[in-house]
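K.L.:
fold the following for me, if possible:
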Amino acid sequence: MVQRIEHRCLFWQWKLTHAQRNTLRNQTELITAATRQILRGSATCRQRHNSPLPIADRIYRVVRWTKQGSLVWLLLCLLVCTSGVRAQIDSFDRQTVEIFGTVFAETGNRPVEGAIVNIRLDTGGTFVSVLTDWSGRFRVQRLEPGAYEIFVEEPNYEPAHVTLQLPRGPSPPLELSLKSSNRSLVRRTDYAISVRELKIPMQARNAFEKGLQRLAKQDAAGSLTQFARATAGFPDYYEAYYHIGVADLRLGREEEAAQAFQRAIDLSGGRYAWAQFALGLVLYRRGEYAEAETVIRQGLNQDENSAIGHLLLSLALFRESRLDEAEKSAGDALWRKSGFALPYLVLADIHGRRGEYARELQNLDAYLKLEPNGPASKRVREIHEGVQRIIFRTKAQE
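P.N.:
Coordinates of the predicted model:
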């Protein structure tokens, strides 16, 4: 799904300005990195928890392939290390309210099966994802009383939002309608060119474009030559320094990559969020989670609506064992980008760490709904089966 969303943009990418094309490439770079991080397995984790197939314990491996860049696949290697059987599913007993309802398609008023219903506590923390059944119904039990936001998404429909106040006791059933999405590629005519873009010499710009082409062809070393020419022709070319960092990561030159990302940050005056997210990812890979959190938050100060930024922040917070904050950040990523599958794996890890296996399964279901045939789907299905076995064994021991 992530790849398909980005490729939809490539149809008209050639008409965008220089800065707008960079935005598209940068999104794909970081999503690829995130994907690789979240899916990397770990024998250590498997031995420690005797879990069937964790999605990760070690963080980061230099990316060797990606169509548009490297930093999305990097993240597919990171998370979901399911917890041990010792934790009990009945840890939800303290929660006393529930949300239930039905999702309909506005046209024909027919129930929508398999829609993703995301429910989060307005004050942060609790975040639950469920799929509707064949009759469009959903039910989430044992929630804390409070104000909840409900977000429903389904391919080919516009997302639906509703806010609900839940006192103690039963809540009224909800009926949520989804409108068909009529989104289409609209030809734009308002492409503005910034003063800075006009200052970039054509020779430097051409070298930059050639470097991007080299990266797309997996020629990281060749791309460095072109990016060096770009920076020689325009020393303030912070986008080129960012991609130098990407190329260095592919070549296993982590320290050089960190320096390039820092150079991009310095040249942009701290206003280039993608470089900050990338540097945060490198720090995360080193196990410097607090430092990674700081840099990623600086990037979010520049681009608060970045779903990738909130996803990376949730990873750092998870490693700092700040699970409530990590859950909120993963939810923020979902809230900012419908159809974004990766945060569901982070949420699955969080619920697995808590021993909330029923909710972990719901997160994995949501991921597979969005990525049924993605590069991670086979592994996620194996994890799904393993968590089901954990639940079965736990119930058998009760």
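
K.L.:
make it CA atoms for all contacts and neighbour counts henceforth
P.N.:
Will do.

K.L.:
now do the strands in the stretch 151-300 of the chain.
P.N.:
Secondary structure of the stretch 151-300 of the chain (DSSP state E, counting those that start in this stretch): strands at 160-166, 174-178.

K.L.:
what's next to the strand or helix carrying A366, contact-wise?
P.N.:
Secondary-structure element containing A366, defined by DSSP states H and E: helix 357-370. Residues lying outside helix 357-370 but in contact with it, judged by Cα atoms under 8 Å, 6 or more residues apart in numbering, are 1, 89, 114, 116, 128-131, 339-342, 344-345, 347-352, 377, 380-381, 384, 387-388, 391.

K.L.:
ok so, going back, mind putting the strands of the stretch 151-300 of the chain in TSV, mean neighbour count, mean pLDDT and distance to A247 included?
P.N.:
Putting the strands of the stretch 151-300 of the chain into TSV (neighbours: other Cα atoms under 10 Å; pLDDT from 0 to 100; distance: least, Cα to Cα, whole Å) gives the following:
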stretch	mean neighbour count	mean pLDDT	distance to A247
strand 160-166	15	84	40
strand 174-178	18	87	43
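
K.L.:
turn the ones you listed into JSON lines, columns for distance to N109.
P.N.:
Shown next, in JSON lines, are those (distance: least, Cα to Cα, whole Å):
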{"stretch": "strand 160-166", "distance to N109": "15"}
{"stretch": "strand 174-178", "distance to N109": "8"}
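
K.L.:
please identify which of those strands is closest to R214.
P.N.:
If you check each of the strands of the stretch 151-300 of the chain against R214 by Cα to Cα, strand 160-166 wins as the nearest, at 41.3 Å.

K.L.:
listing partners with orientation, what would you give for the closest one?
P.N.:
Sheet partners assigned to strand 160-166 using DSSP bridges are listed as strand 146-153 (antiparallel).

K.L.:
could you pull out the buried residues of the partner strand?
P.N.:
Residues of strand 146-153 classed as buried by neighbour count (16 or more other Cα atoms under 10 Å): 148-153.

K.L.:
and if you look at stretch 327-344?
P.N.:
In stretch 327-344, the ones that count as buried by 16+ other Cα under 10 Å are 327-334, 338-344.

K.L.:
so among the residues you listed, where is pLDDT lowest?
P.N.:
Here the lowest pLDDT out of those sits on S338, with 78.

K.L.:
so which helix or strand takes in it?
P.N.:
S338 is part of no helix or strand, with elements assigned from DSSP H and E.

K.L.:
OK, contacts around it?
P.N.:
Going by Cα under 8 Å, 6+ apart, S338 touches 153, 159.

K.L.:
nearest residue to F127 in space, please, no chain neighbours.
P.N.:
Excluding its sequence neighbours, the residue lying closest to F127 (Cα to Cα, 6 or more residues apart in numbering) is R120, at 4.3 Å.

K.L.:
wait, the one you found sits on V128?
P.N.:
Yes: distance between R120 and V128: 6.3 Å, which falls inside the contact criterion (Cα atoms under 8 Å).

K.L.:
still on that earlier bit, tabulate the buried residues of strand 146-153 in CSV, adding columns for distance to H243.
P.N.:
Putting the buried residues of strand 146-153 into CSV (distance: Cα to Cα, whole Å) gives the following:
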residue, distance to H243
Y148, 41
E149, 38
I150, 38
F151, 35
V152, 36
E153, 34
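
K.L.:
using CSV, lay out those residues together with distance to Y367 and pLDDT.
P.N.:
Conversion of the buried residues of strand 146-153 to CSV gives the following (distance: Cα to Cα, whole Å; pLDDT from 0 to 100):
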residue, distance to Y367, pLDDT
Y148, 22, 86
E149, 20, 86
I150, 18, 88
F151, 15, 85
V152, 14, 89
E153, 12, 83
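
K.L.:
which residues of the stretch 251-398 of the chain score low on pLDDT?
P.N.:
Within the stretch 251-398 of the chain, the stretches with pLDDT under 70 are 398.

K.L.:
apply 90 and report the result again.
P.N.:
Low-confidence segments of the stretch 251-398 of the chain, defined by pLDDT under 90: 252, 285, 334-342, 352, 354-359, 362, 369-380, 382-398.

K.L.:
now do the helices in it.
P.N.:
Under the criterion DSSP state H, counting those that start in this stretch, the stretch 251-398 of the chain contains helices at 254-267, 273-285, 289-302, 307-319, 323-336, 342-354, 357-370, 377-397.

K.L.:
would you mind putting the ones you listed into TSV with distance to L198 alongside?
P.N.:
Putting the helices of the stretch 251-398 of the chain into TSV (distance: least, Cα to Cα, whole Å) gives the following:
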stretch	distance to L198
helix 254-267	17
helix 273-285	22
helix 289-302	23
helix 307-319	29
helix 323-336	32
helix 342-354	37
helix 357-370	40
helix 377-397	44
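
K.L.:
quick one: which of those helices is nearest S223?
P.N.:
Of all the helices of the stretch 251-398 of the chain, helix 254-267 sits nearest to S223, with 13.7 Å by Cα to Cα.

K.L.:
show me which residues of that closest one are buried.
P.N.:
Taking 16+ other Cα under 10 Å as the neighbour-count basis, helix 254-267 is seen to contain the buried residues 254, 256-265, 267.

K.L.:
before we move on, what SS does G101 have?
P.N.:
Following DSSP: H, G, I helix; E, B strand; the rest coil, the label given to G101 is strand.
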